[in-house]
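Colleague: got a sequence here, can you model it:
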Amino acid sequence: MKYSFIIQKIRLLLFAGIMILSSGCVKKWLELEPKSEVSVDVLLESPEGFGIALNGIYTNLSSYTLYGGELSHGMVDVLARCYDLKNTLYDQLKNYDYVSGGMDQRINSIWALAYSTIANCNGLLEEMKKKGPGFFKESERARLEGELLAIRGMLHFDLLRLYAPAPVVQNAVAIPYYTTLTHIPMPEKPTNEILQLIIADLQKSKELQKEYDTKNEAKDDYHRMRFRFNLDQNFFGSGKRGYRMGYYATTALLARVALYANNNKLAHDNAMEVIDDKTSSNEPTISFTSATIIDVGAYDRLLSEDLIFCLYRKRFENGFNKVTFLLPNTNQIFGSDLNSDYRKKCYLTTNGRQLLKYDTTQEKEGDITAAIPMFRLSELYHIAVETQYDSDPDEALALLNTLRAKRGCTVPLASVPDKNAFLDAIINDARREFVGEGKLFFLYKRLNKTILDETNGNQTLTGKFVLPVTER
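Modeller: Numbering: from 1, shown residues only. Below is the predicted model of the structure:
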């Protein structure tokens, strides 16, 4: 495979990316004001310079090609048949046509930018190794290395989920895993090996970040101001760990990856670690938007209380068009909970046709609409209940009903006859929870389930769950 088009110039990309970011948007994101142009050697003479370079990596992640569009409300939600599309750039995906209309190039672009961002992570990790004792504070070094490893793992995982069959279908040889900055293309590895490499990166990241992020003071700060929407424009400033791949985000990602790898114990343990975590005052570190706030209309459209990690975008590139991205089937999805489930009231317009999670016209939203949801507590509930079902189906159902009650559903689910029915209940809840966030396609794919669409017909997509890459 030819990966050299990404790798051979990666140092140049790293250097150029840092210089471009230093001259512009990073000034808005940091309480630092670097010179408009600076060589990488000069920039990395200080720990602050490493922070600037890391912010450049976060900028890549929040681009439209990655999580600011295609991997959130864009391509992957279109593949999950979330929308009733009319005259959009995604219309060809109605029939899972991955070639027409330039779609093949957009798919290639995801691959290319993800791997170039991985290379930037590896470049910074290698530069860190060159720095002697005392260059970084120990906590500073640990956080930086931990975030880079977690980002590297996250990108490899989503490349695997996009471009390889799910493990339940085939242990395919599909993508390479890069742990160093090299001009030599790495061989593709089987899915199970890739997953173990990701898990190793995430476990090391957790170990590095645990001492800092789980101290009482740090947990209290994370609980109170991990995002601090609408207070200032320094979105990667100190204290805003919700915009970082910190300990809790990495733990959530590890639960997600372990579930994909069919390691139910590891998935359950990491999901419950976050669910059960408490602050120094014994409050849940991460909780849900309360009924009191929703009843008085003081909520934000993202229901942000349960967000664990977000990326940041100042505005939607290419526009999030509420007219063309309409939801076709919310009455069927919400069923008897239509008038009680908070997600119907908060995420959607009254008629349920338009997604309002990212609506910028409501004054009360502030800068919350700039957040790209990456991990929610609700997903960890889904992981916990699925992995508990085999050993204790009654407790699994009770935990799912706890989540539903937190979202306003007043009638608990009755007993389910078997695991397939239980998985269907999880899928139904996920369809309410994650529209616009890029989660549903991967859920269908992991379970090798038919994609549901009450309006245009369900889609069985085993072969087409794998996106093709024509330029590697």
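Colleague: what is whichever strand or helix holds Ile175 packed up against?
Modeller: Ile175 is part of strand 173-176 when elements are defined by DSSP states H and E. Contacting strand 173-176 under the criterion 3 or more Cβ pairs under 8 Å, 6 or more residues apart in numbering; DSSP states H and E are the following elements: helix 138-163, strand 188-190, helix 191-213. Quick note: C-beta positions are derived from backbone N, CA and C, even for glycine.
Colleague: repeat that for 10 Å
Modeller: Counting contacts by 3 or more Cβ pairs under 10 Å, 6 or more residues apart in numbering; DSSP states H and E, strand 173-176 is packed against helix 103-129, helix 138-163, strand 188-190, helix 191-213.
Colleague: quick one: buried residues of it?
Modeller: For strand 173-176, a neighbour-count test (16 or more other Cβ atoms under 10 Å) marks Ala174, Ile175, Pro176 as buried.
Colleague: low pLDDT regions in the stretch 1-150 of the chain?
Modeller: Within the stretch 1-150 of the chain, the stretches with pLDDT under 70 are 1-39.
Colleague: in it, which spans are strands?
Modeller: Counting by DSSP state E, counting those that start in this stretch, the stretch 1-150 of the chain forms no strands at all.
Colleague: didn't Ser304 look like it was pressed against Gly242?
Modeller: Yes - counting by Cβ atoms under 10 Å, Ser304 does reach Gly242; the two are 9.0 Å apart.
Colleague: joint contacts of those two?
Modeller: Shared contacts of Ser304 and Gly242 (Cβ atoms under 10 Å, 6 or more residues apart in numbering): Arg226, Phe227, Phe229, Cys310, Ala371.
Colleague: now these as CSV including neighbour count and pLDDT?
Modeller: Formatted as CSV, the shared contacts of Ser304 and Gly242 follow (neighbours: other Cβ atoms under 10 Å; pLDDT from 0 to 100):
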residue, neighbour count, pLDDT
Arg226, 23, 85
Phe227, 23, 79
Phe229, 20, 59
Cys310, 27, 93
Ala371, 24, 85
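Colleague: read off the pLDDT value for Asn331.
Modeller: We have a pLDDT of 91 for Asn331.
Colleague: now it, what's its secondary structure?
Modeller: Following DSSP: H, G, I helix; E, B strand; the rest coil, we place Asn331 in the helix state.
Colleague: isn't it up against Arg432?
Modeller: No - in this structure, Asn331 is not within contact of Arg432 by Cβ under 10 Å, at 11.9 Å.
Colleague: burial measure for the closest residue in space to Asp84 that isn't next to it in sequence, as a count.
Modeller: Sequence neighbours aside, Pro328 is the residue nearest to Asp84 in space, at 3.8 Å (criterion: Cβ to Cβ, 6 or more residues apart in numbering). By other Cβ atoms under 10 Å, 18 other residues sit near Pro328.
Colleague: ok, now Gln105?
Modeller: Residues lying near Gln105 (other Cβ under 10 Å) number 12.
Colleague: would you confirm that it contacts Glu471?
Modeller: Yes - checked against Cβ under 10 Å, the pair Gln105 and Glu471 is within contact range at 8.3 Å.
Colleague: now for these two: what residues contact both?
Modeller: Common contacts of Gln105 and Glu471 (Cβ under 10 Å, 6+ apart): Ala112.
Colleague: assign the spatially most central residue of the chain to helix, strand or coil.
Modeller: Per Cα atoms, centre = their mean, the C-alpha nearest to the average position across the chain is that of Met374, at 2.9 Å. The three-state label given to Met374 by three-state DSSP is strand.
Colleague: pLDDT on the helix or strand that contains Lys344, on average?
Modeller: For Lys344, the host element (DSSP H and E) is helix 342-347. Taken as a whole, helix 342-347 carries a mean pLDDT of 93.
Colleague: run through the neighbouring helices and strands of it.
Modeller: Using 3+ Cβ pairs under 10 Å, 6+ apart, the elements in contact with helix 342-347 are helix 291-295, helix 330-334, helix 419-433.
Colleague: pull out the buried positions in the first one.
Modeller: Pointing back at helix 291-295 there. Ile294.
Colleague: after that helix, next one along is what?
Modeller: Assigned by DSSP H and E, the successor of helix 291-295 is strand 307-312.
Colleague: and the angle from that following strand to helix 138-163?
Modeller: Orientation check (axes from the mean of the first three to the mean of the last three Cα atoms, to 10 degrees): strand 307-312 against helix 138-163 gives 80 degrees.
Colleague: helices of the stretch 1-150 of the chain, start to end?
Modeller: Secondary structure of the stretch 1-150 of the chain (DSSP state H, counting those that start in this stretch): helices at 4-7, 10-23, 26-29, 40-43, 47-61, 75-79, 103-129, 138-163.
Colleague: CSV please, covering the ones you listed and showing distance to Ile194.
Modeller: CSV is the format used below for those (distance: least, Cβ to Cβ, whole Å):
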stretch, distance to Ile194
helix 4-7, 17
helix 10-23, 20
helix 26-29, 32
helix 40-43, 30
helix 47-61, 20
helix 75-79, 19
helix 103-129, 13
helix 138-163, 5
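Colleague: tell me which of those helices is the most buried.
Modeller: Of all those, helix 75-79 carries the top mean neighbour count, a mean of 24, counting by mean count of other Cβ atoms under 10 Å.
Colleague: output the below-cut-off pLDDT ranges for the stretch 201-350 of the chain.
Modeller: Confidence mapping of the stretch 201-350 of the chain against pLDDT under 70 gives the ranges 228-239, 314-324.
Colleague: repeat that with 50
Modeller: 231-237, 317-319 (pLDDT under 50).
Colleague: ok, Thr470 - how many residues close by?
Modeller: By other Cβ under 10 Å, 11 other residues sit near Thr470.
Colleague: assign it to helix, strand or coil.
Modeller: When classified by three-state DSSP, Thr470 comes out as coil.
Colleague: is it in contact with Ala112, as I believe?
Modeller: No - Thr470 sits out of contact with Ala112 when judged by Cβ under 10 Å, with a separation of 11.4 Å.
Colleague: list residues touching both of the two?
Modeller: Counting by Cβ under 10 Å, 6+ apart, the contacts common to Thr470 and Ala112 are Gln105.
Colleague: and the host helix or strand of Lys219, what's buried?
Modeller: Lys219 is part of helix 216-225 when elements are defined by DSSP H and E. Counting neighbours by 16+ other Cβ under 10 Å, one finds that the buried residues in helix 216-225 are Ala218, Lys219, Asp221, Tyr222, His223.
Colleague: returning to what we had before: C-alpha coordinates for the helix holding Lys344, CSV please?
Modeller: The C-alpha coordinates for helix 342-347 follow below in CSV (Å, rounded to 0.1, in the frame of the first residue of the first chain):
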residue,chain,number,x,y,z
TYR,A,342,-36.6,15.4,27.1
ARG,A,343,-34.6,14.6,23.9
LYS,A,344,-37.7,15.2,21.8
LYS,A,345,-38.3,18.6,23.5
CYS,A,346,-34.7,19.7,23.6
TYR,A,347,-33.0,18.3,20.5
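Colleague: need phi/psi at Ile451.
Modeller: For Ile451, the backbone dihedrals are phi -80, psi 130 (criterion: degrees, to the nearest 10).
Colleague: thanks again, I'm all set now.
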